[in-house]
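Trainee: this is a predicted model, with the sequence first.
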Amino acid sequence: MLTSRQRSASFLEVCFICLVTFCLPLFEAPKNIFSALFLITWIIQTFRTKSLGVNCVFNWPILGLASVLWVAPLFSAYGDTITPLNSAPRWTLLALFVIGAARLDYSRNQLLLICTALLVGGVVAVGESFWVWHFNGKAYPEFRSVGAVNHSSMYTLVPLAVGLGTLYMRQRWLLMLGLLAVVSTLAFLPPSRSLVGGVTITAVLTVAISIYAVRRWSFRGLLIAIAAGAIIVGGVLMTPPAANLRTELQARITSDDIFSGRGKILNSALAVWDRHPIVGTGWFSFGPATSEEVVREALEADGLEYDPNVYWHYNHGHNLWTTMLIERGLVGVVLVTLLLFLYFRVFLPIVLSRDQKDPVDRGIAVGALLVAVGFAVAGLGNTTMMNEHGQAGMAFIAVAYGYLRGRGLLGATAGAGRQV
């Protein structure tokens, strides 16, 4: 009988996790292949050891988010074109990878190796994007695997968070690599012209400094941290390469539409969400489900007129919860909110603890918490957690959980010893 008891990650499982985290921003096909090979190896190890590993508190919301994608198209008006088989497998692979990784325990060396792979992949992706950008004449640099500047900017938040976490650790080589990841994220911001990225970077830096400050200086330290985060990003914005970003920021602030149409996209979603309220219409369905034709039809049915100044139509919601509301319904909104809450609930006590903790233990908890901060803050202005940056960040959190559980820092949340 397979049991739910602690199981250490094998050499091969760690190798595939490293390959996935390295490849995510760089290579589309290899990261999918290595994700699948990890799952195959995980299954083989499960039967060999007769252990599924230990349940992770994050796994149930993630499994629910994946399951909804297989159910929603079956009850959707767009089920003829958006079927479970052409929409659900990609995110399901992401979810199963994260779920499998979270059930394993990791040694310190394994943890640091995975952190290294993630940081190196992020730094290389920024360098390659600049090199390709120099030759292709595009308006913005973008990561090869991600393929869009906004999602590339979202990806840089993950190495930023992990890099800031390494600053708590004593391994000098890892500290230098972490600093390089932080610098690469700040370097990518000006040419990306991502205002959401700039706001989120400011938030992540501010929270990172606040964590350090609150544990030592209380309220005064918190104010200093907020000022320091703003000064760091402000300094980046004042550099010559950030001239276009400054222009765009000024135009946005002085315009009548400071949120760049996100409110109008939300209006379109709210006009039609009650047609598929529980599980939504499936992944990749936001565009057709909130098109002008569909919104007009819904408004007419309610006796309302369509105003082009109130509604805007796009292929995703430019907001995590707006997109979830349409593609995974109220179930998706609740599950993703619960998942983010659990991320904060698990790691925040370790991060803010005044007890003497091992620097690696505290640093890895800080990195995991900052990834969650990036997901939540960037999620207010873009659709996070759905693509490569989602897999990288959620996988890192899963590995951090497995490591800290093995260190005995997560108490009853580990759920060890139960039979399945």
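Mentor: Nice, thanks for sending it over. Residues are numbered from 1 along each chain as shown.
Trainee: Val57 and Leu69, how far apart?
Mentor: When Cβ to Cβ, to the nearest Å is applied, the distance between Val57 and Leu69 equals 22 Å. All C-beta atoms are positioned from the backbone trio N, CA, C, and that covers glycine.
Trainee: who has more neighbours, those two?
Mentor: Leu69 (24 against 19; other Cβ atoms under 10 Å).
Trainee: measure the residue lying closest to that one once chain neighbours are set aside to Val331 for me?
Mentor: If the residues on either side of it in the chain are set aside, Leu69 comes closest to Ala88, at 3.9 Å by Cβ to Cβ, 6 or more residues apart in numbering. The gap separating Ala88 from Val331 is 14 Å, by Cβ to Cβ.
Trainee: which one's more surrounded, the two?
Mentor: With other Cβ under 10 Å as the criterion, Ala88 and Val331 differ in neighbour count, and Ala88 comes out ahead with 23 against 19.
Trainee: what about the more buried one, distance to Leu94?
Mentor: Noted for Ala88: a distance of 11 Å to Leu94, by Cβ to Cβ.
Trainee: using the three-state scheme, assign the residue of the chain most remote from its centre.
Mentor: Here the centre of the chain is the reference, and by Cα atoms, centre = their mean the most remote residue is Gly303, at 39.8 Å. Three-state assignment for Gly303 (DSSP: H, G, I helix; E, B strand; the rest coil): coil.
Trainee: and the pLDDT at it?
Mentor: Among the per-residue scores, Gly303 holds a pLDDT of 86.
Trainee: ends of stretch 269-286, how far apart?
Mentor: 8 Å (Cα to Cα, to the nearest Å).
Trainee: which secondary element of this protein has the worst mean pLDDT?
Mentor: The helix or strand of the chain with the lowest confidence, counting by mean pLDDT, DSSP states H and E, is helix 243-254 at a mean of 56.
Trainee: remind me which residues of the stretch 101-250 of the chain are low pLDDT?
Mentor: Per-residue confidence for the stretch 101-250 of the chain (pLDDT under 70) gives these ranges: 214-230, 232-250.
Trainee: check the stretch 301-420 of the chain too.
Mentor: Looking at the stretch 301-420 of the chain by pLDDT under 70, you get 411-420.
Trainee: which residues in it form strands?
Mentor: For the stretch 301-420 of the chain, applying DSSP state E, counting those that start in this stretch gives no strands.
Trainee: which residues in it form helices?
Mentor: Taking DSSP state H, counting those that start in this stretch as the criterion, the stretch 301-420 of the chain carries its helices at 320-327, 329-352, 359-379, 388-406.
Trainee: export those as CSV, with columns for distance to Val123.
Mentor: Formatted as CSV, the helices of the stretch 301-420 of the chain follow (distance: least, Cβ to Cβ, whole Å):
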stretch, distance to Val123
helix 320-327, 26
helix 329-352, 24
helix 359-379, 15
helix 388-406, 13
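Trainee: of all the ones you listed, which one is nearest Gly64?
Mentor: Each of these has some distance to Gly64 by Cβ to Cβ; the shortest is helix 329-352, at 4.8 Å.
Trainee: in terms of secondary structure, what does the strand or helix carrying Trp131 contact?
Mentor: With elements delineated by DSSP states H and E, Trp131 resides in helix 108-136, which encompasses its position. Applying 3 or more Cβ pairs under 8 Å, 6 or more residues apart in numbering; DSSP states H and E, one finds that helix 108-136 contacts helix 11-23, helix 149-166, helix 172-192, helix 359-379, helix 388-406.
Trainee: okay, angle between the fourth one and helix 320-327 too, please.
Mentor: Direction vectors for helix 359-379 and helix 320-327, defined by axes from the mean of the first three to the mean of the last three Cα atoms, to 10 degrees, enclose an angle of 60 degrees.
Trainee: follow-up on the earlier one: check contacts around the residue nearest to Leu69.
Mentor: Ala66, Leu69, Trp70, Pro73, Gly282, Trp283 (Cβ atoms under 8 Å, 6 or more residues apart in numbering).
Trainee: residues in contact with the helix or strand hosting Trp60?
Mentor: When elements are assigned from DSSP H and E, Trp60 belongs to helix 59-71. For helix 59-71, the external contacting residues (Cβ under 8 Å, 6+ apart) are 84, 87-88, 91-92, 95-96, 98-99, 102-103, 279-280, 282-283, 328-329, 331-332, 335-336, 338-339, 342, 394.
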